[in-house]
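1. A structural model of the following input is requested.
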Amino acid sequence: MLAGNVDGIVRIRGEFFILEHKTAAQIDSDYLEKLWTDFQITIYAHYIEQTMGIPMTGILYNVLVKAKLQQSKGETEEEFQARRAELLAKSKTGKSSAKRRMPETDQEFQERLTEKYAEPLMLHREMLDLSHDRFDILRSELWELTQAFLDARRRGVFYQNTAFCFNYQRPCPYFALCRSNGNPNLIENFYQRVAPNEELRVLPADAPEPTF
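-> Numbers count the residues shown, from 1 in each chain. Reported below is the predicted structural model:
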């Protein structure tokens with residue numbers, strides 16, 4: 001079974017496009033060239049056509065660049081005194097006008113973020129045409145993936161896809177588990193079992209609304 005959340009469907013000059021929001025550390029030609037390989041979005045387009053009868057022309061990507069800003073923690077009194085002492089030692093007058101750097105407030109940080117995201121280069125919009133030949137490839141690949149998964153489950157053997165250990169410039173959440181060869185102590189102390197795709201869970205009609 002497959003499940004997912006489509007960000008939206010938009011109509012442009014009478015044609016329908018899947019709306020997809022993404023974030024990226026940077027947007028360059030390599031990133032944009034790889035968008036057409038988006039396996040997930042092809043599944044979305046195929047599903048929408050099959051179940052909703054909406055002919056999909058393409059995909060409209062809104063790509064937001066991740067701001068590398070961090071909220072300033074300021075400096076402690078000890079750090080300030082140490083910095084002030086260094087400045088006094090270098091001062092010819094023996095005086096310093098240095099003031100302690102105070103932590104940045106949430107409002108100040110939000111203002112900096114707002115100013116940053118107002119820059120034109122922080123958002124890129126890309127429109128791709130959708131080739132319906134991709135649907136034939138999709139169905140074939142899904143069949144092969146399904147058969148490989150069922151075979152692995154039947155034999156109780158799943159191969160490690162080590163090409164993805166650092167796929168997003170950071171370790172996979174299960175990297176330590178794989179490297180430990182399934183150490184039970186590591187599993188008990190650092191992992192817990194939860195139902196997959198909780199964000200797609202359908203609540204009963206009489207379930208109370210979640211509170212945040």
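2. mind giving me the domain split of the protein?
-> Split into domains by automatic domain parsing, the chain comes to 1-71+111-156, 77-110, 160-195.
3. which residues touch the longest helix seen in the chain?
-> When the chain is parsed with DSSP state H, its longest helix is helix 133-155. Outside of helix 133-155, the residues that reach it under the criterion C-beta atoms under 8 Å, 6 or more residues apart in numbering are 39, 42-43, 45-46, 49, 158-159. (Glycine included, C-beta is placed from N, CA and C.)
4. centroid residue for the chain?
-> Averaging the C-alpha coordinates of the chain gives a centre point, and the residue nearest to it by C-alpha atoms, centre = their mean is residue 23 (6.2 Å).
5. how close does that residue get to residue 67?
-> Using C-beta to C-beta, to the nearest Å, residue 23 is found at 10 Å from residue 67.
6. same check, this time on residue 80
-> Here the distance between residue 80 and residue 67 works out to 28 Å (C-beta to C-beta).
7. same thing with residue 95?
-> Look at residue 95 and residue 67: by C-beta to C-beta, they are 38 Å apart.
8. next one: residue 7
-> According to C-beta to C-beta, residue 7 stands 20 Å off from residue 67.
9. where along the protein do the helices fall?
-> 29-33, 39-52, 77-90, 106-117, 133-155, 175-179, 184-190.
10. report the distance from the first one to the chain centre.
-> The chain centroid and the centroid of helix 29-33 are separated by 17 Å, computed with C-alpha atoms, centre = their mean, to the nearest Å.
11. residues in contact with that helix?
-> Counting contacts by C-beta under 8 Å, 6+ apart, the residues touching helix 29-33 from outside are 24, 63, 124, 126.
12. buried residues, that helix. List them.
-> Burial within helix 29-33, assessed by neighbour count using 16 or more other C-beta atoms under 10 Å, is assigned to no residue.
13. the residue lying farthest from the centre of the chain: what's it in contact with?
-> In the chain, the residue that sits farthest from the middle, by C-alpha atoms, centre = their mean, is residue 93; the gap is 52.9 Å. Taking C-beta under 8 Å, 6+ apart as the criterion, residue 93 is in contact with no other residue.
14. on that earlier part again, look at residue 80 and residue 67 and report which has more neighbours.
-> Just comparing residue 80 and residue 67: by other C-beta atoms under 10 Å the higher neighbour count belongs to residue 80, 16 against 13.
15. how about the more buried one: what's its closest non-neighbour residue?
-> Distances taken as C-beta to C-beta, 6 or more residues apart in numbering place residue 100 nearest to residue 80, at 4.0 Å, with adjacent residues excluded.
16. over to residue 4?
-> Across the structure, with C-beta to C-beta, 6+ apart as the measure, the residue nearest residue 4 apart from its sequence neighbours is residue 44 (6.3 Å).
17. which one of the helices of the chain lies closest to residue 18?
-> Between residue 18 and the helices of the chain, the tightest spacing by C-beta to C-beta is seen for helix 39-52, at 5.6 Å.
18. packing partners of that closest one?
-> Taking 3 or more C-beta pairs under 8 Å, 6 or more residues apart in numbering; DSSP states H and E as contact, the helices and strands that helix 39-52 lies on are strand 15-24, strand 56-65, helix 133-155.
19. can you list the buried residues in stretch 115-133?
-> Residues of stretch 115-133 classed as buried by neighbour count (16+ other C-beta under 10 Å): 124, 128, 130.
20. now that stretch, how far from the centre of its chain.
-> Distance, stretch centre to chain centre, for stretch 115-133: 16 Å (C-alpha atoms, centre = their mean).
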